[in-house]
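Q: The following block contains a protein sequence and its predicted model.
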Amino acid sequence: MKVKFAVLGAGYIGKRHAEMIVRNENAELTCFADIRPADTLALDAFGVPLYNSLDDLLSNGPEFDVLNIATPNGLHGKQAIQAIKAG
């Protein structure tokens, strides 16, 4: 069974996380979430859905096992707590 990952933040670091997930045969990239418009992010190669916020991802996104938080450092705590509370 593969571990399912979602990536929050689709900048340079988020894309690097996604690349490592895709390369691992025991992992599956399920989606990205980012507040920026899809046409500015160059995510087509990953072939997964993009959600426009963490709220949208947690409410409407696919099931995942791990949330990779790749947003600015100052947001990590709040976003991690929000994700934990959502299950």
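A: Sure, I can see it.
Q: how about the helices in the chain?
A: Applying DSSP state H to the chain gives helices spanning 12-23, 54-60, 76-86.
Q: Dump the ones you listed into CSV; add distance to F32 and mean neighbour count as well.
A: C-beta: built from backbone N, CA, C; applies to glycine. Converted to CSV, the helices of the chain look like this (distance: least, C-beta to C-beta, whole Å; neighbours: other C-beta atoms under 10 Å):
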stretch, distance to F32, mean neighbour count
helix 12-23, 7, 16
helix 54-60, 9, 16
helix 76-86, 14, 12
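Q: nearest to L41, of these?
A: Using C-beta to C-beta as the measure, helix 12-23 is the one of the helices of the chain that comes nearest L41, at 8.5 Å.
Q: What is the closest one packed up against?
A: Contacts defined by 3 or more C-beta pairs under 8 Å, 6 or more residues apart in numbering; DSSP states H and E place helix 12-23 against strand 3-8, strand 27-33, strand 66-69.
Q: what about that helix, average pLDDT?
A: The average of the pLDDT scores along helix 12-23 is 98.
Q: pull the CA atoms of that helix into PDB?
A: These are the backbone C-alpha positions of helix 12-23, laid out as PDB (Å, rounded to 0.1, in the frame of the first residue of the first chain):
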ATOM      1  CA  TYR A  12      10.100  25.700  -5.500                       C
ATOM      2  CA  ILE A  13      10.200  23.700  -2.200                       C
ATOM      3  CA  GLY A  14       6.700  22.300  -2.800                       C
ATOM      4  CA  LYS A  15       7.600  21.100  -6.200                       C
ATOM      5  CA  ARG A  16      10.800  19.500  -4.900                       C
ATOM      6  CA  HIS A  17       8.800  17.700  -2.300                       C
ATOM      7  CA  ALA A  18       6.400  16.500  -5.000                       C
ATOM      8  CA  GLU A  19       9.300  15.300  -7.200                       C
ATOM      9  CA  MET A  20      10.700  13.200  -4.400                       C
ATOM     10  CA  ILE A  21       7.200  11.800  -3.700                       C
ATOM     11  CA  VAL A  22       6.700  10.900  -7.400                       C
ATOM     12  CA  ARG A  23      10.100   9.200  -7.600                       C
END
